[in-house]
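> Here is the input, now give the coordinates:
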Amino acid sequence: MGIVKPSLWFASGAKEAAEFYASLIPGCTITSVVSGPAGVPGVEEGQAFLVDIDIDGVPLQLMNAGPEFTLDEAFSLVLECDDQAQIDKYWDALTADGGKPGQCGWLTDRFGVSWQVVPKQLGEIFGDYSTEGSKRAMAAMFTMTKLDLAALEAAAAG
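Modelled structure (predicted):
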């Protein structure tokens with residue numbers, strides 16, 4: 001069997017999105033660009049049709065295929081950050097130029113892809129979600145758009 005990889009449907013802009021992600025995220029590379037053949041609905045012949053990227057070992061396919069379907073928050077990419085500086089960097093870059101902040105560390109970038117920009121320590125902060133500290137941290141998170149690592153840790157500590 002080959003590999004399993006998610007495929008994201010774009011009305012257009014898949015190659016631009018791939019180039020943006022590759023320029024922003026270390027370990028992200030474009031591995032293949034296939035031009036659209038003649039006769040494919042929603043695809044201009046000769047333009048980028050399928051764009052494969054690898055994000056730190058995770059394959060992902062971006063497909064330009066017209067406006068029949070749209071991306072939404074039901075599928076998101078989780079970007080775990082080492083510290084607040086990384087959270088700020090990726091949040092700012094992914095919400096720039098038409099991206100939209102969401103709640104609890106979620107955002108939608110200018111291409112329509114949903115991301116969760118979270119600290120890698122989130123699992124430690126929440127544990128099994130049963131302690132008073134994790135409940136306080138969860139309540140604090142519900143008030144945030146971009147996550148504030150220090151505030152989450154402070155809430156968990158009480």
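> Please list all residues in contact with Glu80.
Residues near Glu80 by CB atoms under 8 Å, 6 or more residues apart in numbering: Val118, Pro119, Lys120, Leu122. The way it works is simple: take the backbone N, C-alpha and C, and place the C-beta from them, glycine included.
> My error: substitute Glu153 in the last question.
Applying CB under 8 Å, 6+ apart, the residues near Glu153 are Gln121, Ile125, Ala137.
> will you turn those residues into TSV that also has secondary structure?
Shown next, in TSV, are the contacts of Glu153 (DSSP: H, G, I helix; E, B strand; the rest coil):
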residue	secondary structure
Gln121	coil
Ile125	helix
Ala137	helix
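> Neighbour-wise, which one of those leads?
Comparing these by number of neighbours (other CB atoms under 10 Å), Ala137 comes first, having 24 neighbours.
> so how far is Ala156 from that one?
Look at Ala137 and Ala156: by CB to CB, to the nearest Å, they are 4 Å apart.
> anything in contact with each of these two?
Ile125, Phe126.
> center of the protein, which residue is that?
Trp115 (2.9 Å; CA atoms, centre = their mean).
> tell me the SS of that residue?
Assigned with three-state DSSP, Trp115 falls in the strand class.
> you'd agree it is up against Leu77?
Yes. Contact criterion CB atoms under 8 Å: Trp115 and Leu77 qualify, at 5.2 Å.
> sorry, back to before: just the buried ones from the contacts of Glu80?
Buried residues within these, counting neighbours by 16 or more other CB atoms under 10 Å: Val118, Pro119, Leu122.
> In a markdown table: the residues you listed, plus pLDDT.
Below are these laid out as a markdown table (pLDDT from 0 to 100):
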| residue | pLDDT |
| --- | --- |
| Val118 | 98 |
| Pro119 | 98 |
| Leu122 | 95 |
